[in-house]
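[1] Structure for the following, please:
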Amino acid sequence: MLSKQDGRVEALGLTAAGPVQRSDLRDGALRGSLLGLLVGVISALFILGGWPVESDALRATTLYALPLTMWFAGAWWGGMLGLMQDNPALKPFLAQRDSGEFIILIESSPVDERLVKRVMAMADAVLIAEQPWSWGRFQVTPLLPSGKGAS
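    Presented below is the predicted three-dimensional model:
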C-alpha cells in the first residue's frame with residue numbers, strides 16, 4: 001500500500017510499501033556500479049600507464065583491486081542516491097498519494113487478474129491504472145479505494 005500516512009496504513013493492519021519499493025534503489029545501484037567500474041578501470045589503466053610499476057603484486061593489486069573497489073563503492077553510492085529518489089514506475093500515482101489517498105498495489109498473475117478486479121469492484125475500489133511492470137512474470141495493478149483516505 002502506497003500512502004504518505006504509513007501510520008494509518010499499519011493501524012488498519014495493512015502493509016505499507018517499503019523503502020525499496022518506493023525508491024529507485026535498484027536502478028541507482030546499477031548505474032552507480034557501472035560508473036564505478038568504468039572509473040576504476042580507467043584509473044587503473046591511467047596509473048599503470050603513467051608510472052612504471054616494477055612489482056607484480058602492486059600491478060595485480062592496481063589492476064584488480066582498484067576497479068573492484070570502485071565498482072562496489074559506486075554501487076553503494078548509487079544505491080544511496082537511488083533511495084532519495086521516487087520509483088519512476090510510481091510517478092503516475094504520486095499525485096494521488098500526495099493528496100492523501102491510499103494507493104493499493106496488487107501483484108497478480110495474468111490468470112488471477114479478473115478475480116482480483118472482481119474482488120476490488122465489490123470493495124468499491126476505483127482502478128486508476130494498469131501497468132505490466134517488469135517485476136518477474138507478474139503484473140502489478142494499482143487500485144485506488146473510493147473516497148479520500150478510505151480503508
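[2] Before we move on, what's the pLDDT of the most centrally placed residue in the chain?
    Geometric centre of the chain, nearest residue: D24, 3.7 Å, by Cα atoms, centre = their mean. pLDDT recorded at D24 is 87.
[3] Could you do A57 as well?
    With respect to pLDDT, A57 scores 80.
[4] Over to it: give its phi and psi.
    phi -70, psi -40 (degrees, to the nearest 10).
[5] That one: how many residues sit nearby?
    A57 has 8 neighbours, counted by other Cβ atoms under 10 Å. Where you see a C-beta, it was placed from the backbone N, CA and C, and this is true even at glycine.
[6] just to revisit the earlier point, for the residue nearest to the centre of the chain, grab phi and psi.
    The phi and psi values for D24, taken as degrees, to the nearest 10, are phi -100, psi 40.
[7] other SSEs contacting the one helix or strand L66 maps to?
    L66 is part of helix 66-83 when elements are defined by DSSP states H and E. The contact analysis (3 or more Cβ pairs under 8 Å, 6 or more residues apart in numbering; DSSP states H and E) places helix 66-83 against helix 25-50.
[8] Determine how far the helix it packs on lies from the middle of the whole chain.
    Distance of helix 25-50 from the chain centroid (Cα atoms, centre = their mean, to the nearest Å) equals 21 Å.
[9] Could you tell me the angle between that helix and helix 66-83?
    150 degrees (axes from the mean of the first three to the mean of the last three Cα atoms, to 10 degrees).
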